[in-house]
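Trainee: Build me a structure from this.
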Amino acid sequence: MTPIVVIDLDRVLNETEQGALLLAKQDQEAQELDAEHLRIRDELNAEERELTERRAELSPEEFRDLADAFDARVRKLRAETDEKERILSRAADEARQRFALDVIRDIARARGAFVVLDQRYVVLFANSVNITDEAIRRINQMADEAVE
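Mentor: Residues are numbered from 1 along each chain as shown. Model prediction:
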């Protein structure tokens with residue numbers, strides 16, 4: 001028994017069906033957000049071109065008012081986009097942390113561990129404290145049993 005165990009969470013996510021599904025869902029959400037960003041960028045570029053083309057027919061005051069309104073809209077959309085990215089990133093991080101937490105907790109308890117460290121943050125460890133393979137095996141076994 002050892003009070004500390006390590007796990008490679010990336011492997012657990014990549015080598016289990018549920019982990020792969022979670023990663024695929026997160027990838028899909030990121031792609032949808034990217035598509036939305038591209039759509040907004042294209043709309044803003046078109047709006048900016050139109051504003052530039054109309055400049056000659058507008059008085060300086062009218063143009064300034066329209067340009068100021070456009071700039072305010074761009075700032076607002078950037079802030080909204082940044083917030084959506086933060087929310088998506090935070091949700092993804094939380095989902096990854098919650099993924100397999102019960103299995104990891106059970107393995108740690110069975111081994112008498114008080115601490116579970118992500119392998120990425122450990123410089124050196126004995127393979128005997130690595131619970132990655134066991135976690136992958138248990139998660140896949142649970143998925144197989146759920147299907148039966």
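Trainee: Name the SS class of Val5, please.
Mentor: Here Val5 is strand, with the state taken from DSSP: H, G, I helix; E, B strand; the rest coil.
Trainee: separation between it and Ala113?
Mentor: 4 Å (CB to CB, to the nearest Å). For the C-beta atoms, the positions are set from N, CA and C on the backbone; glycine is no exception.
Trainee: which neighbours do these two share?
Mentor: Common neighbours of Val5 and Ala113, counting by CB atoms under 8 Å, 6 or more residues apart in numbering, are Val129.
Trainee: more neighbours, those two?
Mentor: Higher neighbour count among Val5 and Ala113: Val5, with 24 against 20, using other CB atoms under 10 Å.
Trainee: show me what contacts the more buried one?
Mentor: Under the criterion of CB under 8 Å, 6+ apart, the neighbours of Val5 are 107-108, 111, 113, 115-117, 129-131.
Trainee: got it, and Arg120?
Mentor: Contacts were defined as CB under 8 Å, 6+ apart; by that measure Arg120 touches 8-10.
Trainee: hmm, 10 Å instead?
Mentor: For Arg120, the contacting residues are 6-10, by CB atoms under 10 Å, 6 or more residues apart in numbering.
Trainee: Show me which of these are buried.
Mentor: 6-9 (16 or more other CB atoms under 10 Å).
Trainee: With pLDDT as extra columns, can I get those in a markdown table?
Mentor: Formatted as a markdown table, those follow (pLDDT from 0 to 100):
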| residue | pLDDT |
| --- | --- |
| Val6 | 96 |
| Ile7 | 96 |
| Asp8 | 95 |
| Leu9 | 92 |
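Trainee: Which one of these is nearest to Ala95?
Mentor: Leu9 (11.7 Å; CB to CB).
Trainee: Which one (most neighbours) among the contacts of Val5?
Mentor: Going by other CB under 10 Å, Ile131 tops these with 23 neighbours.
Trainee: Mind listing residues that contact the helix-or-strand element of the chain with minimal mean pLDDT?
Mentor: Within the chain, no helix or strand scores below helix 132-147, which has a mean of 89 by mean pLDDT, DSSP states H and E. The contact list for helix 132-147 (CB under 10 Å, 6+ apart) reads 5-19, 21, 99-100, 102-104, 106-108, 110-111, 116, 119, 127, 131.
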